[in-house]
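Undergrad: Fold the following, please.
(chains A and B)
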Amino acid sequence: MSTPTLPIENRSVADNPARGDAVVFESVDLAFDDKVLLDGISFRLAHGETKAIFGVAGSGKSTILKLALGLLKPDAGSITVLGEDVVNMTEDQLFELRRKVGIVFQESALFDSLTVRENVAYRLLEEGNIPEQEIEDRVREALSFVELEHTVDMYPSELSGGMRRRVGIARTIITHPEVLLYDSPTGGLDPVTSNTIIELIVKQRDLYKTSSLLVTHRLQDAFTLGTHYFDRAENKMKPLPPHTRASVPMGFLILRDGHIIFDGDLKSLRETPDPYIREYIS
Amino acid sequence: MELISPTDYAKEKVRSVQDYAVLAARSLGNLFKRPLYVADMIQQADLIGFGSLPIVLAACFFTGAALALNSASTLDRFGAMTVIGQLVSVGIVRELGPVLAGLVVAGRNASGMASELGSMIVTEQIDAMRALGTDPLKKLVTPRVTSTIVMLFFLTILGDLLGLIGGSFVVSTVLRLDTHQYWNSAWQTLEFSDVFTGLTKPVVFGFIIATIGCYYGLNTKGGTQGVGRATTEAVVASMILIIAVDVFITRLLMITLGVS
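TA: Predicted coordinates:
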């Protein structure tokens, strides 16, 4: 029986072992005062893959993103991002690595004293040697990706919550990072706006093959990511054809009491016998 | 309220001092690293310097006037009203000018820095800055430290002048003395050591104000309530430090300059 054609282009990026892994956590421990937050966390994020991280509030999901970016240091264990040992890097070395890794914060964390243009262009302006016209073009390109070109001269306080998240995504993708970290990008948003954000994440995954870690409370968002692909021709997200073996590079990771209790794909998540997970996803 | 053990309390304090020392050292060390963020320095100089100018000038003018009034009643008993200019000028230039300017700028700017950076902490803007490859100490702290030092230096010079003018105003309008004699004695009595002492202090005070304001801001914990707490603590700590350090600098400079 022949395998059906996959709807997304070059999906093999996630399956190519020669490229290694984008992010690797090995036996990572972290405690704040006496509270153990992460206990022996180990997982791998392949190049081009998107992995959704679930868990109840306070289970350390956002902390994993901050550890991957070197904003926090673990008490024990090793963290490798794009082949670099994050744990033993100095802050100056981390600044170099962070040019290749982007993060979308939960509350977008836009600089409130800067306009949308200045926020999105922040990284390019910091480089200091990029021509103004190129900066303007790239800002327009990034804002057009999130369909917010008209907000270029506005301040973050003039934008809605959903628009701020989308500007946050534009600010992150302007330098085309190799790894993207999303911290609850749809948290607190209405379903329509959430869907817009998820479509952007799918678009980023399928068009640019960016490796991503996505922290979310919304199972529905993660399932959408696992069952949809971005159709470049129609410029919109579409469901994977039913009754095919087609798939997208999407993984799921569930945290509980500082441990990983599930790390696998959508099929194995649906078939898991673990009663806690079954209750969680029901 | 949860009780904290003395050992943990001591450890916490030592750690705070260590963190402050690192921040203070890096704020100056960053001056020798690229990029320098000159635009941010100019913006901060405008906020700190020109923003504080009216209150520093007013505070110094009225203090000079009050000093002249208070001195006059004592000097009159000894028939030494002619030295009032000397007393006001030495008092203002050596001590009151720099300390007053320092306290006013501390009240206005240490709080501003703590609240601004504290708000950036609670809204994750500092994390975002680090994530975008920018060192917040270089981008936010160094410009504030350098601008506060430079602007407080010049504010003190202008404050000294206004203090002397305040004294002159009292001499001419209340005491009905010769202002020419006042200015002459005020000018003649000033020595290099007086001016050097008076202009060394704002450099140290400026450093204290900015580093304390930034330290409390960057260590804000506990949301908006934490921002308020950081702001208050920054003002209190910087004012206390200015007054305490003033004593040590005064004594140190006296020994160094050979003034008894």
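
Undergrad: drop to CA atoms for contacts and neighbour counts, all remaining ones
TA: Fine.

Undergrad: And for residue 214, the neighbour number?
TA: I'll assume chain A. When neighbours are defined as other Cα atoms under 10 Å in any protein chain shown, A:Leu214 has 27 of them.

Undergrad: Actually, chain B is the one I wanted.
TA: 34.

Undergrad: cool, and A:Leu65?
TA: Counted with other Cα under 10 Å, A:Leu65 comes out at 23.

Undergrad: Leaving out chain neighbours, which residue sits closest to it?
TA: Nearest residue to A:Leu65, sequence neighbours excluded (Cα to Cα, 6 or more residues apart in numbering or on different chains): A:Leu181, at 6.4 Å.

Undergrad: show me what contacts the closest residue to chain B within chain A?
TA: In chain A, the residue that lies nearest chain B is A:Phe95 (4.3 Å; Cα to the nearest Cα). A:Phe95 makes contacts with B:130-135, as judged by Cα atoms under 8 Å, 6 or more residues apart in numbering or on different chains.

Undergrad: Could I get the full set of helices for the chain?
TA: Since you didn't name a chain, this refers to chain A. Using DSSP state H, the helices of chain A run over A:61-68, A:91-98, A:116-120, A:122-127, A:132-145, A:161-173, A:191-208, A:219-227, A:266-271, A:275-281.

Undergrad: To clarify, I was referring to chain B.
TA: Under DSSP H, chain B gives helices at B:6-29, B:38-45, B:51-77, B:84-90, B:97-105, B:111-122, B:125-131, B:136, B:142-173, B:179-189, B:192-218, B:223-257.

Undergrad: Which residues of chain B lie near chain A?
TA: Counting by Cα under 8 Å from any Cα of the partner chain, chain B comes close to chain A at B:123-125, B:127-128, B:130-135.

Undergrad: which one in those is the model shakiest on?
TA: For the residues of chain B next to chain A, the weakest pLDDT value sits at B:Gly133, with 87.

Undergrad: That one touches A:Val101, doesn't it?
TA: No. In this structure B:Gly133 lies outside contact range of A:Val101 using Cα atoms under 8 Å: 9.6 Å.

Undergrad: helices or strands next to the helix or strand of chain A with the lowest mean pLDDT in the packing?
TA: Least confident helix or strand, chain A: helix A:275-281 with a mean of 79, by mean pLDDT, DSSP states H and E. Under the contact definition 3 or more Cα pairs under 8 Å, 6 or more residues apart in numbering or on different chains; DSSP states H and E, helix A:275-281 sits against no other helix or strand.

Undergrad: contacts for it?
TA: Here helix A:275-281 makes contact (Cα under 8 Å, 6+ apart) with A:219, A:270, A:272.

Undergrad: could you measure the residue of chain A closest to chain B against B:Asn109, distance?
TA: Counting by Cα to Cα, to the nearest Å, the gap from A:Phe95 to B:Asn109 is 29 Å.

Undergrad: tally of neighbours for B:Arg15?
TA: Burial of B:Arg15 is recorded as 12 neighbouring residues (other Cα under 10 Å).

Undergrad: B:Gln18 now?
TA: Applying other Cα under 10 Å, I find that B:Gln18 has 12 neighbouring residues.

Undergrad: Let me have the residues of chain B next to chain A in a markdown table, extended by neighbour count.
TA: Converted to a markdown table, the residues of chain B next to chain A look like this (neighbours: other Cα atoms under 10 Å in any protein chain shown):
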| residue | neighbour count |
| --- | --- |
| B:Thr123 | 21 |
| B:Glu124 | 19 |
| B:Gln125 | 22 |
| B:Asp127 | 21 |
| B:Ala128 | 25 |
| B:Arg130 | 20 |
| B:Ala131 | 25 |
| B:Leu132 | 24 |
| B:Gly133 | 25 |
| B:Thr134 | 23 |
| B:Asp135 | 18 |
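
Undergrad: So, low pLDDT: which residues of the stretch 151-282 of chain A?
TA: When residues are selected by pLDDT under 70, those of the stretch 151-282 of chain A lie in A:243-246.

Undergrad: Over to chain B?
TA: Residue ranges of chain B with pLDDT under 70: B:1-2, B:260.

Undergrad: Show me what residue of it gets nearest to chain A.
TA: For chain B, Cα to the nearest Cα, closest residue to chain A: B:Gly133, 4.3 Å.

Undergrad: how much space between the nearest residue to B:Phe169 once chain neighbours are set aside and B:Leu47?
TA: Nearest residue to B:Phe169 in three dimensions, chain neighbours excluded: B:Ala65, at 6.9 Å (Cα to Cα, 6+ apart). To B:Leu47, B:Ala65 is 28 Å away according to Cα to Cα.

Undergrad: When the two are compared, which one has more neighbours?
TA: A direct count of neighbours by other Cα under 10 Å for B:Ala65 and B:Leu47 places B:Ala65 higher, at 23 against 18.

Undergrad: ok, now which ones touch the more buried one?
TA: Residues near B:Ala65 by Cα under 8 Å, 6+ apart: B:163-170.

Undergrad: cutoff 10 Å now
TA: Applying Cα atoms under 10 Å, 6 or more residues apart in numbering or on different chains, one finds that B:Ala65 lies in contact with B:71, B:88, B:162-171, B:174.

Undergrad: just B:Arg34 next, same as before
TA: Here B:Arg34 is in contact with B:Lys138 (Cα under 10 Å, 6+ apart).

Undergrad: what's the spacing between it and A:Asn119?
TA: Distance from B:Arg34 to A:Asn119, by Cα to Cα: 21 Å.

Undergrad: before we move on, what about A:Arg166?
TA: Separation of A:Arg166 from A:Asn119 (Cα to Cα): 12 Å.

Undergrad: what sits in contact with each of the two?
TA: Jointly contacting A:Arg166 and A:Asn119 under the rule Cα under 10 Å, 6+ apart are A:Thr172.

Undergrad: Next, count neighbours for the residue lying closest to B:Asp40 once chain neighbours are set aside.
TA: Ranked by Cα to Cα, 6+ apart and with sequence neighbours excluded, the top spatial neighbour of B:Asp40 is B:Pro143, at 6.0 Å. B:Pro143 has 26 neighbouring residues, counting by other Cα under 10 Å.

Undergrad: thought B:Pro143 was touching B:Gln44?
TA: Yes. The pair B:Pro143 and B:Gln44 qualifies as a contact (Cα atoms under 10 Å) at a distance of 6.8 Å.
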